[in-house]
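>>> Show me the folded form of this:
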Amino acid sequence: MASYPGCPPPQDPATGTGPVGEVRHPRWWQRRGARVTALAALLALSGAVILALVREQTGTEGFLVGLGLAVLPVPLLIAAFRWLDRVRPGPWRNLLFSFAWGACAAALIAIVANSFATRWIETATADPTGADTLGATVIAPVVEESAKAAAVLLVFLFRRRDFTTVVDGVVIAGVTATGFAFTENILYLGNAFGTDQLTGTGPGLTSVTAATFFVRIVMSPFAHPLFTVLTGIGFGLAAVAAPDRGSGRRVLLPLAGLLAAMGVHAFWNGSSSFGEYGFYAVYAAFMVPVFALLTWLAVYLRHRELRTVRAQLAAYVAAGWLAPPEPFALGSLKARRLAREYAAHYGGRTAERAVTEYASLATSLALLRHRGERGRAGADFVVRERELLDALWQRRGYARPALAYAAQVAAPVHRPPAYAGPRPPAPAYHPYRP
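Residues are numbered from 1 along each chain as shown. Sure thing, here's the model as predicted:
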């Protein structure tokens, strides 16, 4: 791994200029704006089609009821994944793309492919019940998890700088699955409302809508995110794998995560065939423990990132890029919050934004150096390191005072240990002795 550069950075008037010679302009399909426009148009078209399909199945009134109920868990799930990503928050554009892909493109693929496959099986076997069971336990997990995994793959390939840890994979996969579950819940709740309308069942705890709401929104809002998070973990492990060990691991790890997601999804969908209480048994004995285990793993990985920040940034303190209190402050979420509050109080939103960006850049720098020490940083390590250091240097005016204050407030107070030896006898009372 290359050694870190000294500080301050040299002032080169030629910095930013390209090589002398002919400037080659990219073709229109290679431009970032064209790719973004095409992707946005694809997602918008998918959203319009899925909206029409769901509305056709549920009716306008059922669609509105389903939409109003399905949106309830979305803010909580998004907030949970953003909380998990607090150490180095990913760009909002990645989360917006992931949610839109799950809600529009993945949901459209799932509805069309599941319906086509189930009808083909029903025609081939002349067994509607068996076709529905096979479609739910085999076809749906394969199609839905593959469609959701496509979003994780796209971010992994085209936003590689934003996808460097297992936590990044968990967050991207979880947000994608949240979008998918949102659209699916609209369909299920809308159909349940339509059933109640046909049977004349009014709104209440005995209605099909209430039962569907309890199972999908109250009991298992995390089901789809839990499945796809396994795929995200596979991509995250591939992101931290050493590049010199070949491409086999980078392919096998995401594939293993995807297969695990399909297996858990199929087991969950098939729980209804395990008897009258099979669903609740699988929920209590399998889904809840797996959810707790993955939650613990995600929180553990986040704390490990904080420890990496504290350990790796010490090298840049020695080089003069960072002030001595900064590794501790940047390695503590409490200190980061105090630094943002301090900056906002004395410098307004501009200062607060600078401190937030400084913390995110410093975390990226620490994780980059951590990968570099293990030979996993890639060929552009030196260039990327210098970019991050220069970006930190530009924001140091706001960040350093705020982080120094935060480190002073949040640092633990070290008191000398209590005296454990024999105590001297108490002096005799004297009325004039203070």
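>>> Which secondary structure state is assigned to residue 289?
With DSSP: H, G, I helix; E, B strand; the rest coil as the basis, residue 289 sits in helix.
>>> Please shift the residue numbers so they start at 9 in all later answers.
Done: numbering now begins at 9, and the last item shifts to residue 297.
>>> burial of it, as a residue count?
Neighbour count for residue 297, taken as other CB atoms under 10 Å: 10. Where C-beta positions appear, they are placed from N, C-alpha and C, glycine not excepted.
>>> how far away is it from residue 290?
Separation of residue 297 from residue 290 (CB to CB, to the nearest Å): 11 Å.
>>> now swap in residue 177 and tell me
To residue 290, residue 177 is 26 Å away according to CB to CB.
>>> by contact count, what packs against whichever helix or strand residue 104 is part of?
Taking DSSP states H and E as the definition, one finds residue 104 inside helix 100-108. Where contact means 3 or more CB pairs under 8 Å, 6 or more residues apart in numbering; DSSP states H and E, helix 100-108 is packed against helix 40-78, helix 81-92, helix 148-166, helix 174-207.
>>> pretty sure residue 268 contacts residue 238?
Yes: in terms of CB atoms under 8 Å, residue 268 counts as a neighbour of residue 238; the distance is 4.4 Å.
>>> With neighbour numbers in mind, choose between the two.
Using other CB under 10 Å, the more surrounded residue of residue 268 and residue 238 is residue 238, with 25 against 17.
>>> I'd say the more buried one and residue 263 touch.
No: the pair formed by residue 238 and residue 263 falls short of the contact definition of CB under 8 Å, at 11.5 Å.
>>> what about stretch 206-222, how long is it end to end?
Across its full length, stretch 206-222 reaches 21 Å end to end, with CA to CA, to the nearest Å as the criterion.
>>> buried residues in it?
With burial defined by 16 or more other CB atoms under 10 Å, the residues of stretch 206-222 counted as buried are 215, 216, 217, 220, 221.
>>> quick one, what contacts the closest residue to residue 107 other than its chain neighbours?
Once its chain neighbours are removed from consideration, residue 107 has its nearest residue in residue 187; the separation is 3.9 Å (CB to CB, 6 or more residues apart in numbering). Residue 187 makes contacts with 106, 107, 108, 109, 110, 111, 112, 114, 115, as judged by CB atoms under 8 Å, 6 or more residues apart in numbering.
>>> switch to 7 Å and redo it
By CB atoms under 7 Å, 6 or more residues apart in numbering, the contact set of residue 187 is 106, 107, 108, 109, 110, 111.
>>> Name the member of those residues that has the highest neighbour count.
Greatest neighbour count in the contacts of residue 187, by other CB under 10 Å, goes to residue 110: 31 neighbours.
>>> gap between the helix or strand harbouring residue 289 and the chain center?
Under DSSP H and E, the secondary-structure element containing residue 289 is helix 286-290. The chain centroid and the centroid of helix 286-290 are separated by 29 Å, computed with CA atoms, centre = their mean, to the nearest Å.
>>> And it, what's buried?
Within helix 286-290, the residues that qualify as buried by neighbour count (16+ other CB under 10 Å) are 287, 290.
>>> Please list the residues outside that helix that contact it.
Helix 286-290 is touched from outside by 276, 279, 280, 282, with contacts defined as CB under 7 Å, 6+ apart.
>>> Can you report how many residues neighbour the last one?
If I follow you right, that is residue 282. One way to gauge burial is a neighbour count; for residue 282, by other CB under 10 Å, it gives 13.
>>> element containing residue 212?
Residue 212 is part of no helix or strand when elements are defined by DSSP H and E.
>>> for the helix or strand of the chain with the lowest mean pLDDT, packing partners?
Averaged element by element with mean pLDDT, DSSP states H and E, the chain has its least confident helix or strand at helix 136-142 (a mean of 80). Helices and strands touching helix 136-142, as assessed by 3 or more CB pairs under 7 Å, 6 or more residues apart in numbering; DSSP states H and E, comprise helix 115-133.
>>> buried residues in the helix it packs on?
115, 116, 117, 118, 119, 121, 122, 125, 126, 129, 130.
>>> for the second one, what are its contacts?
Going by CB under 7 Å, 6+ apart, residue 116 touches 54, 57, 58.
>>> Include pLDDT and neighbour count when you put those into JSON lines, please.
Formatted as JSON lines, the entries for the contacts of residue 116 read as follows, by pLDDT from 0 to 100; neighbours: other CB atoms under 10 Å:
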{"residue": "54", "pLDDT": "91", "neighbour count": "19"}
{"residue": "57", "pLDDT": "94", "neighbour count": "16"}
{"residue": "58", "pLDDT": "93", "neighbour count": "23"}
